[in-house]
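Student: Pasting the sequence and the predicted model now:
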Amino acid sequence: MDFDLTDAQKALRDNARDIGMREIEPAAADIDRQQRFPLEPIKRLAREGMLGITVPKALGGAGGDHLTCALVIEELAGACASTALVVSMHNFLVCEPILRFGTEAQKRHWLPTLATGSNLGCFAFSEASGSSTAEGMTTQARREGDGWVVDGAKAFVTAGPAAQCALVFATTWADGRIGLSAFLVPTDVPGVSFGPAYNKLGLRGALAASMTLDKVKLTHAALLGVEGRGEEILQFATEGNRIGAAALAVGIARAAFARATRYALSRKTDGRSIAEHQTIQFMLAEMSTQIDAARLLAWRAANCRDVGGAMGAQASMAKLLASEVASRVCSDAVQVLGGNGCLADFSVERHFRDAKVAEIYEGTTEIQRLGIASILLKD
């Protein structure tokens, strides 16, 4: 892998960093405290092409690659992880599956508005039961005339209350067999509704809610890909978003590390900064090393997707390490700040909560380990 970034990659990364520091980070604490969806930051980022990074320019996107997407998400997460999460899911879980599996008509209908931010997307797979198989899923789609009727309920739909397009997974029956299928559902059609946003521990601005589909009527054109082949779409989408999740975790860790370093240099005890103590120096050295290792795994996974290679365990490894590193780094950052690290007035408290959620969404650390092990043992 070539670690030299192109001028285009650097430009979008630097633009994300600049917007994040100047315009988004000052509002991050309020977004978190008020559990407010970052609509204005999302609109601002849309104008810079960051809601359709891998979407071709002909369809309104930036025409970039997955490494660029990871770079942008990392920078945004350092400013506001909630905003970065919305950007990651919009790109990897909605735009990418449409680009990969959509018909030309679906691409022309959805991608220009999604890539430019006129519409926001959400991803509806999880259910309250926690089932991850078609057999255990309660949301069902049945044929009716030349279209579909969808009934069911979804849980933890990030950005759902603000979205205009939902990628919904439901069970379908064909030739007497149950399968998983994916549908592009406009959220303004009759029968679609969202519950109140969950009161989450972290990533609070990326509002997540339950979604109800009550006899939702869809045209046949709403089916994404092939009926009964939804597992392929699901795997493609979640592998991509694990790259985004890894980059997001790295961004959180970077922000906590930077805050801890500044604090260690400025905080004095007995006339000397605490950064002069070897214990603190060892903590900072370990934090920086872990962050770099996590970033390299995230970059490797993104590069693998860009060159068209089999993802294998790369995305899961990146997500696993980066999320655990973020939790450790943020915990150590709180320790460096001492009592101040426990106060909401200091950003490391927010980073600490965001990092914990990063260990859970898009597959918990335990699930990542199981997935990695199954691939290793299969090989």
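Tutor: Cool, the structure landed.
Student: Give the partner strands of the worst-scoring helix or strand of the chain on mean pLDDT in its sheet and their orientations.
Tutor: One helix or strand of the chain scores below all others by mean pLDDT, DSSP states H and E: strand 268-269, with a mean of 90. Paired with strand 268-269 in the same sheet, following DSSP bridges, are strand 272-273 (antiparallel).
Student: Give the next helix or strand downstream of the partner strand.
Tutor: Downstream of strand 272-273, the next assigned helix or strand under DSSP states H and E is helix 278-306.
Student: tell me the angle of the following helix or strand past that following helix relative to helix 278-306?
Tutor: Following helix 278-306 in sequence order, the next helix or strand is helix 314-337 (DSSP H and E). Counting by axes from the mean of the first three to the mean of the last three C-alpha atoms, to 10 degrees, helix 314-337 lies at 160 degrees to helix 278-306.
Student: Name the residues of helix 314-337 that come out as buried.
Tutor: With burial defined by 16 or more other C-beta atoms under 10 Å, the residues of helix 314-337 counted as buried are 314-334, 336-337. No exception for glycine: its C-beta is placed from N, CA and C like everyone else's.
Student: Quick check: Met21 vs Thr54, distance?
Tutor: 24 Å (C-beta to C-beta, to the nearest Å).
Student: Have a look at these two and say which one is more surrounded.
Tutor: Neighbour count, other C-beta atoms under 10 Å: between Met21 and Thr54, Thr54 has more, with 22 against 13.
Student: would you list every one of the helices in the stretch 1-150 of the chain?
Tutor: 7-19, 25-33, 39-47, 66-79, 81-89, 96-101, 104-115 (DSSP state H, counting those that start in this stretch).
Student: Give me the helices and strands touching the shortest one, please.
Tutor: This points to helix 96-101. helix 104-115, strand 177-186, strand 223-224, helix 230-266 (3 or more C-beta pairs under 8 Å, 6 or more residues apart in numbering; DSSP states H and E).
Student: between the last one and helix 314-337, how many degrees?
Tutor: I take that to be helix 230-266. Here the directions of helix 230-266 and helix 314-337 differ by 20 degrees (the same axes, to 10 degrees).
Student: Now find how far off-centre helix 230-266 is within its chain.
Tutor: 8 Å (C-alpha atoms, centre = their mean, to the nearest Å).
Student: Likewise for stretch 38-51?
Tutor: 15 Å.
Student: Could you give me the buried positions within that stretch?
Tutor: Pro38, Pro41, Ile42, Arg44, Leu45, Ala46, Gly49, Met50, Leu51.
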